[in-house]
Every structure is written in structure tokens, then in C-alpha cells.
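Trainee: Structure for the following, please:
(one chain, ligands or ions: 2)
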Amino acid sequence: ATPTSIMVGTGRAADLGVLFRKGQALQTLRDCQVIALDKTGTLTRGEATLTDFILKGDLLHDEILTLVASAEFVSEHPIAQAIVEAAKEQGLSLQKPERFRATAGMGVTATVNGKIIEVGADRFLKEKYPELIEMIKQGQRLAEEGKTPLYAVIDGEPVATIAVADTLKDTTAEAIKGLHQLGLKVAMITGDNRATADAIARQLGIDEVVAEVLPKGKVDAIKALQDKYGTLAFVGDGINDAPALASADVGIAVGTGTDVAIEAADVVLMSGDLNGVVNALAVSQATMRNIK
Ligand code: ADP
Ligand code: MG
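Mentor: Ligands and ions are numbered 1, 2, ... in the order given. Take a look at the predicted model:
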């Protein structure tokens, strides 16, 4: 491609709300066979709400929710924010935990009022607490509705099955259709539960789901998709998407995402609308066609 045609192409993309930080990306994008997208904050709004809080036995709802929400009080994860919001809305007064530790892609462990609270995914807790099995079955049913199931344990006693749900952006379904129309395969990469991810992917007609990926595993997931489909663009928004954005053939950051993601990307969408990805591809295909 000539420098002029690249300049024209990047200019046209900019008019459509897509910033090419590197001219090379306009060429590489044309060759992409697969688009992999992060789920939370990319396909979805990234603002979860608490949908289910099912207590084990006859425990007191307010007491348990207060402890669980206090344990999540200092976590920045959308799941934590959903639980904290719900507790506040119910008029519960929360406190900062005395101790707090987040395990990436797993859950949190905190000490609140001298009690040890653990909240997280089944894989975070099930080996330590085999008796969670019944609650995990309950959570799987919630996952099939596209909700994210979590489990809470207090001082070693399983106390609640919890679910949060995030909604798809209004524009996501249309964007996925647009990607398919341009002849691309569409994959989703997420740390979320397999059943939850499958339910969401089914709604969108996504071709392939890589679920229960730990933050460190996103790069490996990208490599596997590249081996299977070829040249790949990855779209993400979070801090933990930065390595994946850097290792994809083209990294595309959602403009509403974190600075770390934007820094690692070749292309930046000016809004959260994934139709920007479709526009970027269309401009790339048109530019490269003109100069052949
Ligand atoms: P994603 O960004 O795809 O949602 P994450 O790696 O951030 O993936 O999280 C993966 C899973 O780890 C979540 O679905 C949840 O089960 C668990 N998890 C992460 N953070 C928390 C938290 N603060 N509280 C409870 N569970 C959490
Ligand atoms: Mg995300």
C-alpha cells in the first residue's frame, strides 16, 4: 500500500470513529480471518446487577449479604460492584474488610468482623469445599440463563449461591452480524463460567467460545485461535486484555476501556459500539482493494 492510500484510509476510519494508531494495522486487518472478542465490557456493558441471592438453609439474608458485600467492598470487579450496589439499595450498612485478597479470575477472600469470607467461581472453591456440589448444580442452572454464578463461604461454611448478570450492549448483535457478513469467524474469550458464556454466545450466533480463561491464559487462547483460523484481531477493554491486545495480529481497544488496554492496541474505537470494528474492517478491505 502506498503511504497516501494508508493516509486516506485512516482518515476515513477516523470519520467513522476508529483511530488507527499504526498504519500497518489497516493492512493486517484486511487479512484477518477471525475476530476474537472479550466478553465483559466489550460485548456486554460491563455493569452487572445482582439477580439471585439464594441462602443455604435458614440463614438471615441481611446478615449474610452484609458480610458478602463488605468482603467485596474494595474489589473493582463489576461482580463486586453489583453485590455492593444491591446491598446498599437494600439499606444495609457495609464496612471495609480488615483483610482483603483478590485472586485474579477466581474470586476474593476477606476478613470482615473477624469472619473469613470467600466469594467466587466454582473453580475457586470446589476443591476446598466438596460439599458445595449441590449449590454448584443450582448455580449451573442460573448460568444456563446467561447469569454468572458465584458461591459464598463464611468461616468454612457454604452460605449462598449468588448470580449476577450483565446486559449486552444494544449494538452488539448487529455488529456480530456485520462481522459475519464480511466473512469472518467470530470467537469470544472470557474468564466467565462455560455455561454462562455458551448461553450468551448462542444469543449472538458466535462461532466459538473460549471460557473459564484465567487472565494469564488469554494470550494462549489467542494463539490457539490463530492456529485454527489464521490471522486474528482481538477486541478488548480491560487491564487484563493488554497482553492479548499486544499478541493479536491486530489489537483493537474499546474506547470506553482502560488506558492500559488503549496503550496496548493498534486500533482504538472512539466509543463502546462494536460496529466500529465492522467499519474498521470495511475501510481496511476497501483501501487495500483500491491499491491492488
Ligand atoms: P471476565 O473479565 O471475563 O469476567 P475475570 O477474569 O475478571 O473474567 O473473572 C472471571 C471469574 O472470576 C468471574 O466470572 C468470577 O467467577 C470470578 N471473580 C473475579 N473477580 C471476582 C470478585 N471480585 N468476586 C467474585 N468472583 C470474582
Ligand atoms: Mg472486559
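
Trainee: pLDDT weak spots in the stretch 101-250 of the chain?
Mentor: The model of the stretch 101-250 of the chain has no residue with pLDDT under 70.

Trainee: Walking through the stretch 51-200 of the chain, point out its strands one by one.
Mentor: Assigned by DSSP state E, counting those that start in this stretch, the stretch 51-200 of the chain shows strands spanning 99-103, 107-112, 115-120, 148-154, 157-165, 185-189.

Trainee: Save these as a markdown table, and put in distance to residue 233 too.
Mentor: Where C-beta positions appear, they are placed from N, C-alpha and C, glycine not excepted. Below are the strands of the stretch 51-200 of the chain laid out as a markdown table (distance: least, CB to CB, whole Å):
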| stretch | distance to residue 233 |
| --- | --- |
| strand 99-103 | 30 |
| strand 107-112 | 31 |
| strand 115-120 | 31 |
| strand 148-154 | 26 |
| strand 157-165 | 28 |
| strand 185-189 | 10 |
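
Trainee: Adding distance to ligand 1 as columns, could you present these in a markdown table?
Mentor: Below are the strands of the stretch 51-200 of the chain laid out as a markdown table (distance: least, CB to the nearest ligand atom, whole Å):
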| stretch | distance to ligand 1 |
| --- | --- |
| strand 99-103 | 6 |
| strand 107-112 | 4 |
| strand 115-120 | 4 |
| strand 148-154 | 5 |
| strand 157-165 | 8 |
| strand 185-189 | 8 |
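
Trainee: Show me how the record splits this structure into domains.
Mentor: Domains of the chain are assigned by automatic domain parsing as 3-45+168-290, 49-165.

Trainee: Alongside ligand 1, which residues does the chain contribute?
Mentor: The chain has residues 39-40, 72, 75, 77, 79-80, 102, 105-108, 119-121, 148, 150, 190-192, 215, 238 near ligand 1, with proximity defined as CB under 6 Å from any ligand atom.

Trainee: tell me the mean pLDDT for the helix or strand where residue 37 lies?
Mentor: Using DSSP states H and E, residue 37 sits in strand 34-38. On average, the pLDDT along strand 34-38 is 98.

Trainee: What strands flank it, and is each parallel or antiparallel?
Mentor: Using DSSP bridges, the strands paired with strand 34-38 are strand 185-189 (parallel), strand 232-236 (parallel).

Trainee: which non-adjacent residue is nearest the spatially most central residue of the chain?
Mentor: With distances taken as CA atoms, centre = their mean, residue 40 lies nearest the centre of the chain, 2.4 Å away. What sits nearest to residue 40 in space, not counting adjacent residues and going by CB to CB, 6 or more residues apart in numbering, is residue 46, at 5.4 Å.

Trainee: quick one: contacts for the one you found?
Mentor: Neighbour list for residue 46: 40, 78, 166, 237 [criterion: CB atoms under 8 Å, 6 or more residues apart in numbering].

Trainee: before we move on, the earlier item: what does the strand holding residue 37 rub up against?
Mentor: Contacts of strand 34-38 (CB under 8 Å, 6+ apart): 43, 179, 184-190, 210, 218, 221-222, 225-226, 228-238, 241, 244, 248, 274, 277.

Trainee: Check stretch 281-289 too.
Mentor: 1, 5-6, 8-9, 12-13, 16, 18, 26-27, 29-30, 32, 179, 182, 184.

Trainee: Inside helices: which ones of those?
Mentor: Counting by DSSP state H, the members of the contacts of stretch 281-289 that fall within helices are 5, 6, 8, 9, 12, 13, 26, 27, 29, 30, 179.

Trainee: of these, closest to ligand 1?
Mentor: residue 179 (19.7 Å; CB to the nearest ligand atom).

Trainee: Test my guess that that closest one contacts residue 278.
Mentor: Yes: with contact defined as CB atoms under 8 Å, residue 179 and residue 278 form a contacting pair (6.0 Å).
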